[in-house]
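> Sharing a sequence plus its predicted fold:
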Amino acid sequence: NNSHHNPHTKNSNNKDESYGLPYSVRASKKGGVPCVVESRKHHKVVVLNNIEGDASALLSALQKKLGTGGVLRKGGSIIEVQGEHHLEKIKNFCLNSNCVVGATKQNKAAAASVSHKRKSIDTNSEKNAATATKAVTSGNVRPLTSKEIKTMKPTEMKEHLAARDLSTQGNKKELIARLMSSL
C-alpha cells in the first residue's frame, strides 16, 4: 500500500474532461491555459506546461495547426513552440479541442467565440473570391478601368488576362502593361 500521494498525478476516480484524447493539459489556478512566452538566446518561444498523457501527440497536433516547430522538454510535461505570436492560437487550440482539464467557462466561451469569428471571416473571404472569379470566368468579360488594374493583386490580373485569352506570364509590372493594352 503506497501511502505517498503525489499531487501532480491524476486521481483515477476523477472523470477525464479531455474527451478521449491521448493527452490533457491541467489548467492554471485561475482556470486558464498554462501557457507563457519565454525568451531564449535569439528568439522567443511559447511554453505550454502541465501536460499529461501523450505529449508528443499534442505537440504534433500543434505543429500541424500552427505550421511551426516545437520541442518536448522535462520528460514530456512541457512543450515549447517557436514564435511568441502563437500564444493566443495555442490557448484557443487547447480550449477548443477540450484538452484543458479544469478550464473556466469564461475561458472556454472566449476561445469558442474567437474560433467562430475566424470561421465566419474565412467563409466571407471565400465567398468574395468566388464572386470575383465568377465575374471573370462567366464568359462576359467586363471592362476594367486603369485605376482598377493598378490596384489589383497579380492573381486577379492573371484571372482577367486568362479570361481575355492573353498570356499570364511575367511580373506585376508586365501584367499591368498587358491588361492596359487590352483596354
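Everything's here; your move.

> What sits closest to residue 79 if chain neighbours are left out?
Closest residue to residue 79 apart from its sequence neighbours, by CB to CB, 6 or more residues apart in numbering: residue 48 at 4.4 Å. C-beta here means a position set from N, CA and C on the backbone, and glycine is covered the same way.

> Which positions are bridged to that neighbour in the beta structure?
Beta-bridge partners for residue 48, by DSSP bridges, are residue 35, residue 79.

> what about the chain, any weak spots by pLDDT?
Within the chain, the ranges that satisfy pLDDT under 70 run 1-19, 115-140.

> any chance you could map the strands in it?
With DSSP state E as the criterion, the chain has strands at 23-26, 35-39, 44-48, 51-53, 70-73, 78-82, 100-101.

> so how far is residue 156 from the residue nearest to residue 179 when sequence neighbours are not counted?
Leaving aside its chain neighbours, residue 179 sits nearest to residue 149 (4.8 Å; criterion: CB to CB, 6+ apart). Separation of residue 149 from residue 156 (CB to CB, to the nearest Å): 9 Å.

> now swap in residue 71 and tell me
For residue 71 relative to residue 156 (CB to CB), the value is 41 Å.
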